[in-house]
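Visitor: Kindly generate the corresponding structure for this input.
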Amino acid sequence: LSDWSSDVCSSDLMEAVQEVQTQTSGIDPQNAITNGGLIMLNLKSGTNQFHGSAFGYGHNEILDARTWGNPDKPKSRFWDYGGSLGGPVFKNKTFFFGAYERYQQNDFSLGTLGAGTGAATVPTEAFLSGDFSALLNTSKVLGADTHGNPIYAGAIFNPADPGAVFPGNIIPQSMISSTSKKIIAIYQKNYVAQSGSLVGNERFLTGNSPSQTPQLADVKLDHNLTDKNRLSGSWVYNHRPRLLDDSGGVWQLGSTDGGPMSNARDQMVISHQFRASDSLTITPNLLNIFNATFNRYYNGSVVPEPGDWNSQLGFGGTGSPNFPQIKFGNAVNGIGETSLGSTWEGSYVANTFIYGDSLSWTKGRHTFMFGGGFRDMQNNSVSGSGALSFSFNPSATGAPSQSWGNQVGFGFASFLLGNVQTANETTPINLYARRKAMDLFAQDSWKVSPKLTLNLGLRWDATFRLHEKYGHWANFDLNAIDQIGRAHV
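Guide: Just a heads-up that it's a prediction; the model follows:
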């Protein structure tokens, strides 16, 4: 269960769940905090007898067949194990129950090559040397350049000689930027095209999370103050480190992190859920339950292969370990290169404090419930800084003003020339969102007959303003008048 304010991942172990209730429609007023479906879990409690369980599962690629088109079997392994234990601390008085599970997965299976298969596209050796003759469609003449040379579909224009194409569609080595040459060397070492095709020539992961080792734990304590008064408390823990590559990019063959120019990231998710409740039986038909819950959720991402890439590429030290993000613009005539690098950095922490009380009264065929709740929600985001991003456009080596402009130029050629369209550097912007909410409800579950039950009720919700703790959010009024600017008109 997750929203902007709490990001609380429900990570209760199946070994620790006593009961599951699901409501998909007609949600009663007590639980109508959402317009969608609702899943409610009750955790197991210990008893006067000790009980436990254990389980384990495993898989190894040694038992797999080699997939079609792949020369080797990639690493594909997982282990899932855990257990539970419950029993008395003091018989008839205090009880405990706990469960633990650890899942370890490594699956670096790669997909097939070809357009439309999910494969990445990297420059061929000829492209890396500045030779784009393979882009030319000599059967389609679009016009003539300023020197009288024919302009074919796929032609690369020389920005230093406006209106002229490069002879043979080849960029001279002397015109390739020094920074581009450094990136070409990384291509040649780690990202070589795996087929002669101009598209879909580098295998990519079949799954977006090839490596992960989540650990889950649940602990519950129950204590009988009296025969009519029971205290309960629980802790639910989720520790989920994983390698994530869910936004495309390139992948270094044989690596377990994608290499320096991949778009992969090491993501760490840690969540805690603390809950305490007091159940008081006032009379045989009158029950009061008070709950207090604290949820904390952390989500942060860093690059798996950090380095001082900005300095190495000649941009100076910015403090970011990311390889710069480089985009090559739209494909031309169906051919385009996959982007490089990433700007993954920073983290956010969400805290939610929840308090609630309900009173239930059973009278004949009616079960009345009255109660309310209060929620204090926080979302604290801490951004990184210094990550660079560059975008290159085919128009820099094309003829954007011509009717056939979408058939010429190439983003990677613009990159070789160092002709940047836009460049950005991330700056630290830390924000601390706050919001409070409360609700009241009254309901009646009326059992009209053994086959008919009517649920009647009313709920009131109040959600207060969403604001930034230090006033760092800004807004503007479209109708406001700039008095200073007006004075100069």
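Visitor: Show me where the stretch 1-150 of the chain dips below the pLDDT cut-off.
Guide: 1-12, 67-71 (pLDDT under 70).
Visitor: again, but for the stretch 351-489 of the chain
Guide: Low-confidence regions of the stretch 351-489 of the chain, defined by pLDDT under 70, span residues 475-476, 481-489.
Visitor: Recalculate using a threshold of 80.
Guide: Flagging of the stretch 351-489 of the chain using pLDDT under 80 yields the residue ranges 474-489.
Visitor: give me the beta-bridge partners of G371?
Guide: Applying DSSP bridges to G371 yields these beta-bridge partners: S358, F441.
Visitor: ditto for I335
Guide: I335 has these beta-bridge partners by DSSP bridges: V332.
Visitor: after the top helix by length along the chain comes which helix or strand?
Guide: Counting by DSSP state H, the longest helix found in the chain is helix 178-190. Downstream of helix 178-190, the first helix or strand assigned by DSSP states H and E is strand 211-212.
Visitor: tell me which residues in the next helix or strand after that following strand are buried?
Guide: With elements assigned by DSSP H and E, the helix or strand that comes after strand 211-212 is strand 215-224. Using 16 or more other C-beta atoms under 10 Å as the test for burial, strand 215-224 gives Q215, L216, A217, D218, V219, K220, L221, D222. Yep, even glycine has a C-beta here, placed from its N, CA and C like the rest.
Visitor: how about a markdown table for these, with pLDDT and distance to F50 added?
Guide: Compiled in a markdown table, the buried residues of strand 215-224 are given as follows (pLDDT from 0 to 100; distance: C-beta to C-beta, whole Å):
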| residue | pLDDT | distance to F50 |
| --- | --- | --- |
| Q215 | 95 | 24 |
| L216 | 95 | 22 |
| A217 | 96 | 19 |
| D218 | 95 | 17 |
| V219 | 96 | 16 |
| K220 | 96 | 15 |
| L221 | 97 | 15 |
| D222 | 97 | 15 |
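Visitor: Quick check: the gap between L85 and N31.
Guide: Separation of L85 from N31 (C-beta to C-beta, to the nearest Å): 31 Å.
Visitor: Ignore what I typed, I meant S339.
Guide: Separation of S339 from N31 (C-beta to C-beta) stands at 45 Å.
Visitor: With neighbour numbers in mind, choose between these two.
Guide: A count of neighbours by other C-beta atoms under 10 Å puts S339 above the other of S339 and N31, at 21 against 14.
Visitor: how about the helices in the stretch 301-450 of the chain?
Guide: With helices called from DSSP state H, counting those that start in this stretch, the stretch 301-450 of the chain shows them at 309-312, 411-416.
Visitor: T206: which of the ones you listed is closest?
Guide: Closest to T206 of these is helix 411-416 (C-beta to C-beta; 26.2 Å).
Visitor: Convert the C-alpha atoms of the closest one to CSV, please.
Guide: Output in CSV follows, covering the C-alpha atoms of helix 411-416 (Å, rounded to 0.1, in the frame of the first residue of the first chain):
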residue,chain,number,x,y,z
GLY,A,411,22.5,12.6,-33.6
PHE,A,412,25.6,10.5,-33.2
ALA,A,413,27.3,12.4,-35.9
SER,A,414,26.4,15.7,-34.1
PHE,A,415,28.0,14.1,-31.0
LEU,A,416,31.2,13.3,-32.8
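Visitor: one step back: what's the longest helix of the chain packed up against?
Guide: Identification of packing neighbours for helix 178-190 by 3 or more C-beta pairs under 8 Å, 6 or more residues apart in numbering; DSSP states H and E yields helix 125-128.
Visitor: Can you name the residues in contact with the helix it packs on?
Guide: Judged by C-beta atoms under 8 Å, 6 or more residues apart in numbering, the contacts made with helix 125-128 from elsewhere in the structure are F132, S133, A134, I184, Y187, Q188, V192, A193, F412.
Visitor: Can you give me the buried ones in that helix?
Guide: By neighbour count, and taking 16+ other C-beta under 10 Å as the criterion, the buried residues in helix 125-128 are F127, L128.
Visitor: And the next helix or strand past it?
Guide: Next along the chain after helix 125-128, taking DSSP H and E as the criterion, comes strand 137-144.
Visitor: all strands for the stretch 251-400 of the chain, in order.
Guide: Read by DSSP state E, counting those that start in this stretch, the stretch 251-400 of the chain holds these strands, from start to end of the chain: 265-283, 286-302, 325-327, 347-363, 366-382, 388-391.
Visitor: mind putting these in a markdown table, distance to A119 included?
Guide: Listed next are those as a markdown table, based on distance: least, C-beta to C-beta, whole Å:
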| stretch | distance to A119 |
| --- | --- |
| strand 265-283 | 21 |
| strand 286-302 | 25 |
| strand 325-327 | 18 |
| strand 347-363 | 32 |
| strand 366-382 | 34 |
| strand 388-391 | 23 |
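Visitor: so which of those strands comes closest to T463?
Guide: Closest among the strands of the stretch 251-400 of the chain, once you apply C-beta to C-beta, is strand 366-382, at 9.0 Å.
Visitor: Output the closest one as PDB, restricted to C-alpha atoms.
Guide: Extracted in PDB, the C-alpha atoms of strand 366-382 (Å, rounded to 0.1, in the frame of the first residue of the first chain):
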ATOM      1  CA  HIS A 366     -27.000  -4.400  15.100                       C
ATOM      2  CA  THR A 367     -23.300  -3.800  15.400                       C
ATOM      3  CA  PHE A 368     -22.600  -0.100  15.700                       C
ATOM      4  CA  MET A 369     -19.100   1.400  15.300                       C
ATOM      5  CA  PHE A 370     -17.900   4.900  16.000                       C
ATOM      6  CA  GLY A 371     -14.400   6.300  15.700                       C
ATOM      7  CA  GLY A 372     -11.900   8.500  14.000                       C
ATOM      8  CA  GLY A 373      -8.300   8.900  13.100                       C
ATOM      9  CA  PHE A 374      -5.500  11.400  12.600                       C
ATOM     10  CA  ARG A 375      -2.600  11.200  10.100                       C
ATOM     11  CA  ASP A 376       0.600  13.300  10.000                       C
ATOM     12  CA  MET A 377       2.400  12.800   6.700                       C
ATOM     13  CA  GLN A 378       5.900  13.800   5.700                       C
ATOM     14  CA  ASN A 379       8.000  13.400   2.600                       C
ATOM     15  CA  ASN A 380      11.600  14.500   2.800                       C
ATOM     16  CA  SER A 381      13.500  14.500  -0.600                       C
ATOM     17  CA  VAL A 382      17.200  15.100  -0.800                       C
END
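Visitor: Show me what it is packed against.
Guide: Packed on strand 366-382, when contacts are counted by 3+ C-beta pairs under 8 Å, 6+ apart, are strand 347-363, strand 431-449.
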